[in-house]
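Colleague: for reference, the sequence and a predicted model appear below.
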Amino acid sequence: MDLNIIIERDSVRDNRDTILEKVKRCVKLGLKEIALNVCIDGANQLNSIPSPPQLSSYMIEAIGERRTIKLYTRLTVSVEDGLHLHKIGQSPVVKLYDLLALECKTEKVLTQILGGGFDCDILTFDFTEKSNFSWRKANFSLPITRGILLEINYCQAFSSQSNRHNFFSNSQNLSRKTKGKNILLSSGATNSMFLRGPYCVINLGLLFGLVEHRSKDAVFINGIKAIRHSEIRKNPATSAITLVDKLLPNEEWVKKELLVTTEVTNNQMQVEGETQQDQQMRSSPENSNCSDPKKTKIN
């Protein structure tokens, strides 16, 4: 799973052949779910947010590879001011995207989001630059509880030596601060050459400060959580009861528990039904004389 395949940045969108090349590359690497990402600057482009790409044609071409794949659309907005969050929340175009990601440029905006002032699906960062906020003061407990994913883009590690130093330092600080919870490993690739297979990304996650099982979750499981969070965010009325077609590996116990509970309930209903029938038979007039030995007739 890779939820950050960049197809547009700085108002320049890739042509159809380039996007199709990235999709086919993902299929060959064994990725089953990907998101085509449109990146915009919140300071300049909120008044003219581009529409999401049409996925039907790319889906048909991907099926030609004889492998199944799910495509999603994603919008990533770099935010410098808290006022931009209000415009994002009121925009009808934003609601057309499957996923919403925010890149916080200032500590003030990050504090507002970490405090629950705005709901999004993914928090992403530019780790190639020096951090604009203090990792010690940042508190990620509320976003983790609400199901917001914290993204690390491994393609940032392929930059210059100074940027690479900043990237590993920031990514390890994030992994240490969150204890590896709700981390999402994505590519952030603008070129298909930078894409890597899922097991290669798991090994990269170890370099970012994640333990093995957290790195696997960041590749295979946490992306599903982001998609679920998006569905609940766009449809708050369904947040009380959410029906999913696929349980996560750590949720399989729910299915077993429901089966056991259903079986016990059916047995209890069957026993109660038999008990009621016995009581009715004993209380019937025909059986009342036979049940009492004093009322039996002796011929």
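Modeller: Okay, I see it.
Colleague: CA atoms for contacts and neighbours, from now on please.
Modeller: OK.
Colleague: tell me which stretches of the stretch 151-299 of the chain form strands.
Modeller: Along the stretch 151-299 of the chain, the segments classed as strands by DSSP state E, counting those that start in this stretch run 183-186.
Colleague: what segments of it are helices?
Modeller: Using DSSP state H, counting those that start in this stretch, the helices of the stretch 151-299 of the chain run over 161-178, 198-207, 212-220, 222-234, 252-283, 285-291.
Colleague: quick one: the third one to helix 161-178, angle?
Modeller: Calculated by axes from the mean of the first three to the mean of the last three C-alpha atoms, to 10 degrees, helix 212-220 forms an angle of 110 degrees with helix 161-178.
Colleague: and helix 212-220, C-alpha only, in CSV?
Modeller: Taking Å, rounded to 0.1, in the frame of the first residue of the first chain, the C-alpha atoms of helix 212-220 are listed here in CSV:
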residue,chain,number,x,y,z
GLU,A,212,9.8,-4.6,13.0
HIS,A,213,6.1,-5.1,13.8
ARG,A,214,5.5,-1.3,13.8
SER,A,215,7.2,-1.1,10.4
LYS,A,216,5.0,-3.8,9.0
ASP,A,217,1.9,-2.1,10.3
ALA,A,218,3.1,1.2,8.8
VAL,A,219,3.1,-0.5,5.3
PHE,A,220,0.2,-3.0,5.4
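Colleague: elements contacting it?
Modeller: Identification of packing neighbours for helix 212-220 by 3 or more C-alpha pairs under 8 Å, 6 or more residues apart in numbering; DSSP states H and E yields strand 183-186, helix 198-207.
Colleague: please identify the most buried of the ones you listed.
Modeller: Mean neighbours per residue, mean count of other C-alpha atoms under 10 Å, is largest over the helices and strands packed on helix 212-220 for strand 183-186, with a mean of 29.
Colleague: now that strand: how far from the chain's centre is it?
Modeller: The chain centroid and the centroid of strand 183-186 are separated by 10 Å under C-alpha atoms, centre = their mean, to the nearest Å.
Colleague: just the CA coordinates for that strand, please, in PDB.
Modeller: Taking C-alpha atoms only, strand 183-186 is exported to PDB below (Å, rounded to 0.1, in the frame of the first residue of the first chain):
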ATOM      1  CA  ILE A 183       3.000   5.800  11.500                       C
ATOM      2  CA  LEU A 184       2.300   5.600   7.700                       C
ATOM      3  CA  LEU A 185       5.200   4.800   5.400                       C
ATOM      4  CA  SER A 186       4.600   6.300   1.900                       C
END
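Colleague: that older thread, can you redo the helices and strands packed on helix 212-220 as TSV with distance to residue 38 and mean pLDDT?
Modeller: Formatted as TSV, these follow (distance: least, C-alpha to C-alpha, whole Å; pLDDT from 0 to 100):
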stretch	distance to residue 38	mean pLDDT
strand 183-186	14	95
helix 198-207	22	93
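Colleague: surely residue 150 and residue 122 touch.
Modeller: Yes: when contacts are counted by C-alpha atoms under 8 Å, residue 150 is listed as touching residue 122 (5.9 Å).
Colleague: residue closest to the middle of this protein?
Modeller: Per C-alpha atoms, centre = their mean, the C-alpha nearest to the average position across the chain is that of residue 226, at 1.7 Å.
Colleague: how about the contacts made by it?
Modeller: Going by C-alpha atoms under 8 Å, 6 or more residues apart in numbering, residue 226 touches 99, 121-122, 147-149.
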